[in-house]
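Asks: test case, fold it:
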Amino acid sequence: RTQGVAPAALEPPRELDYVDAVWMAIQTILISAANISKLCWGAKEKRPESSRRRKPLRDAIGLQDSSVLNSPQVRNGFEHFDEHLDEWAEGVLAGTTPSLYISRTIGPSIMPIAKQHKKPVPPMWGNYDPEKGKVEFGPRTVSIKRIIAAAEALQPSVRQVISGN
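Replies: This is a model prediction of the structure:
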């Protein structure tokens, strides 16, 4: 149910708190995707064993290992933000990292421009490009549109499995 509500919050601005609403929706989508991944493949630490045990579930709902829902890249960046913050703070104290960081932005990514001009870029902890439907967290990028589409595509088969038909 959350997967259906969260995408609606990604609509164009209507209120002053648009940025907060968008980032709450993004986090909801990524956390929901993480939960689907954990249910269907298991936790990272126990992945080979739990993935094998959960294969019948994936088969029953038609979920392939190549699904975007299987990739923990960006959502791990959000879930383990505290680790990134610790690394950043250590770098600032050591004088090896800029004290500035960029977070929770909405619009085109600045990373390609910065790399093209060979300029140092402060850490980017969250950029959402609504035109491309992509979320960037550090060097990781994921398509929110692909996550939503994958979750929506599962709904009919999940309902069928639950109902026993």
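
Asks: mind listing what's buried along stretch 86-99?
Replies: 88, 97 (16 or more other CB atoms under 10 Å). Heads up, the C-betas are built off the backbone N, CA and C, glycines and all.

Asks: kindly report the same for stretch 37-56.
Replies: In stretch 37-56, counting by 16+ other CB under 10 Å, buried: 37, 40-42, 50-51, 54.

Asks: all the helices of this structure, residue numbers only.
Replies: Secondary structure of the chain (DSSP state H): helices located at 2-8, 18-41, 47-53, 55-61, 73-79, 81-94, 111-116, 144-163.

Asks: closest to residue 129 out of those helices?
Replies: The closest of the helices of the chain to residue 129 is helix 144-163. By CB to CB, the value is 9.4 Å.

Asks: show me what the closest one packs onto, helices and strands only.
Replies: Judged by 3 or more CB pairs under 8 Å, 6 or more residues apart in numbering; DSSP states H and E, the packing partners of helix 144-163 are helix 2-8, helix 18-41, helix 55-61, strand 134-137.

Asks: do you know which of the helices of the chain lies nearest residue 67?
Replies: The nearest among these, by CB to CB, is helix 144-163 at 5.5 Å.

Asks: got a list of what the spatially closest residue to residue 50 that is not a sequence neighbour touches?
Replies: Leaving aside its sequence neighbours, residue 50 sits nearest to residue 42 (CB to CB, 6 or more residues apart in numbering; 2.5 Å). When contacts are counted by CB atoms under 8 Å, 6 or more residues apart in numbering, residue 42 touches 49-51, 53-54.

Asks: so what's the backbone phi/psi at residue 42?
Replies: Note on residue 42: its backbone torsions stand at phi 90, psi 170 [degrees, to the nearest 10].
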